[in-house]
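Enquirer: Return atomic coordinates for the entry below.
(5 chains)
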Amino acid sequence: MCGRYTLGRQPNSLLDYFHLHGEVPVYHLSWNITPSQMAPVVLQDTKQGSGAGRVCQLMRWGLVPGWSKGPDPRYNMINAKAETIDQKPAYKNAFSQRRCLIPCDGFYEWHAVPEHELEQKPEMSLALASEPASKKNTKKKNRIAKQPYYIYKNDDSLLALAGIWEQWASPDASQQIDSFSIITTDANPFMQNIHHRMPVILSPDQFDTWLSEQHQASDQLKSLLVPYQGDDLAMHTVSKAVNSPKNDGIELTEAVEA
DNA sequence: CCAGACGTTGTT
DNA sequence: GTCTGG
DNA sequence: CCAGACGTTGTT
DNA sequence: GTCTGG
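Expert: Numbers count the residues shown, from 1 in each chain, chains lettered A, B, ... in the order given. Purely as a prediction, here's the structure:
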């Protein structure tokens, strides 16, 4: 899963890594990008005659299908499962025609600590202890403490997440929204202790295939959507301050003891 | 044919 | 829009 | 992803 | 609990 990420470097720093053609839009540097926010994505230039190239454009995180009545948080379309992306009605069209890359510095995952581990770490039970004893607390959901982790490249270089995007317009075209979804796959060995899913991370030699507007065989595209194979990721625990979408700042990414 | 859905994650 | 269910 | 809100009526 | 908002 990937439900929060960071992009705290200046727009110009995306030019080289993504071989961008044209300008990078101004975006808000953030170490706590949340679903529904606008963020830059990279896609193949669609303009005729200007030559092949990649452009960067701001889009809303959370896919809004073209046939929907508008953004609806009941449909949590911030991620798309790689395994079924070419089958699901809500994603298959975007997968075959509108693939993109999402630039990021790193992303957060929350590790659900099972109750039996809490007994050895009583300090993690504080929030639970204040809950009145009741039948409600038998719901497992209320018994889990979550520890946020930050995952990033160990040389602090950019990451490119695989994504798909959509265009939506209201019937009278007064409102238009370009939106994207981040593709997830199984966690690689590095991450599976904290989570069993992770975003698909593509390397620069895969960008052309992924972004190509030429028809690509579904199998060839899906072969890119696998757990990250590199051994150059790093991770550490961070403050629970990242939990609140209201908080932002580079300090959210700093290592803090669990 | 028309109506209605269209999603992921984690948890047990 | 496209697919599934009735 | 997590945080935070969650409602209607009638009356002045 | 469930839904919306960021």
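Enquirer: rest of the way, CA atoms for contacts and neighbours
Expert: Will do.
Enquirer: interface residues of the stretch 151-258 of chain A facing DNA strand D?
Expert: By CA under 7 Å from any atom of the strand, the residues of the stretch 151-258 of chain A that approach DNA strand D are A:K240, A:N243, A:S244, A:P245.
Enquirer: so can I have CSV of these showing neighbour count and distance to DNA strand C?
Expert: As requested, these are arranged in CSV below (neighbours: other CA atoms under 10 Å; distance: CA to the nearest atom of the strand, whole Å):
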residue, neighbour count, distance to DNA strand C
A:K240, 15, 38
A:N243, 16, 33
A:S244, 10, 33
A:P245, 12, 31
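Enquirer: could you redo those residues as JSON lines and give each row pLDDT and distance to A:S68?
Expert: Shown next, in JSON lines, are these (pLDDT from 0 to 100; distance: CA to CA, whole Å):
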{"residue": "A:K240", "pLDDT": "95", "distance to A:S68": "35"}
{"residue": "A:N243", "pLDDT": "95", "distance to A:S68": "29"}
{"residue": "A:S244", "pLDDT": "95", "distance to A:S68": "29"}
{"residue": "A:P245", "pLDDT": "94", "distance to A:S68": "26"}
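Enquirer: Run through the strands of the stretch 1-150 of chain A in chain order.
Expert: For the stretch 1-150 of chain A, the strands defined by DSSP state E, counting those that start in this stretch occupy A:5-7, A:30-33, A:38-44, A:54-61, A:79-81, A:99-104, A:106-113, A:145-153.
Enquirer: Kindly provide the distance from the residue of the stretch 101-250 of chain A found nearest DNA strand B to A:I182.
Expert: Per CA to the nearest atom of the strand, A:A112 is where the stretch 101-250 of chain A lies closest to DNA strand B, at 3.5 Å. The spacing between A:A112 and A:I182, counted by CA to CA, to the nearest Å, is 21 Å.
Enquirer: Between the two, point out the one with more neighbours.
Expert: Taking other CA atoms under 10 Å, A:A112 and A:I182 do not tie; A:I182 has more neighbours (28 against 15).
Enquirer: Give the residue spans of the stretch 101-250 of chain A that score low on pLDDT.
Expert: Counting by pLDDT under 70, the stretch 101-250 of chain A has low-confidence residues at A:114-144.
Enquirer: And the helices in it?
Expert: Residue ranges of the helices in the stretch 101-250 of chain A, as given by DSSP state H, counting those that start in this stretch, are A:115-118, A:126-129, A:207-211, A:218-222.
Enquirer: does any part of the last one sit near DNA strand C?
Expert: What it means is helix A:218-222. No. Using CA under 7 Å from any atom of the strand, helix A:218-222 stays clear of DNA strand C, coming no nearer than 14.4 Å.
Enquirer: phi, psi of A:V238?
Expert: phi -130, psi 170 (degrees, to the nearest 10).
Enquirer: How many residues are close by it?
Expert: 20.
Enquirer: Quick check: it touching A:V256?
Expert: Yes. Between A:V238 and A:V256 there is a contact under CA atoms under 8 Å: 4.8 Å.
Enquirer: in the sheet, who's paired with A:A39?
Expert: Note on A:A39: beta-bridge partners A:M59, judged by DSSP bridges.
Enquirer: From DNA strand B, how far out is it?
Expert: Going from A:A39 to DNA strand B by CA to the nearest atom of the strand, to the nearest Å gives 19 Å.
Enquirer: wait, what's in contact with that residue?
Expert: A:Y27, A:I33, A:L58, A:M59, A:R60, A:W61 (CA atoms under 8 Å, 6 or more residues apart in numbering).
Enquirer: export the residues you listed to CSV and tack on neighbour count and pLDDT?
Expert: Shown next, in CSV, are these (neighbours: other CA atoms under 10 Å; pLDDT from 0 to 100):
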residue, neighbour count, pLDDT
A:Y27, 16, 96
A:I33, 23, 97
A:L58, 18, 96
A:M59, 22, 95
A:R60, 23, 94
A:W61, 25, 95
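Enquirer: Could you save the residues you listed as CSV and add columns showing distance to A:F107?
Expert: As requested, the contacts of A:A39 are exported to CSV (distance: CA to CA, whole Å):
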residue, distance to A:F107
A:Y27, 18
A:I33, 9
A:L58, 18
A:M59, 18
A:R60, 17
A:W61, 14
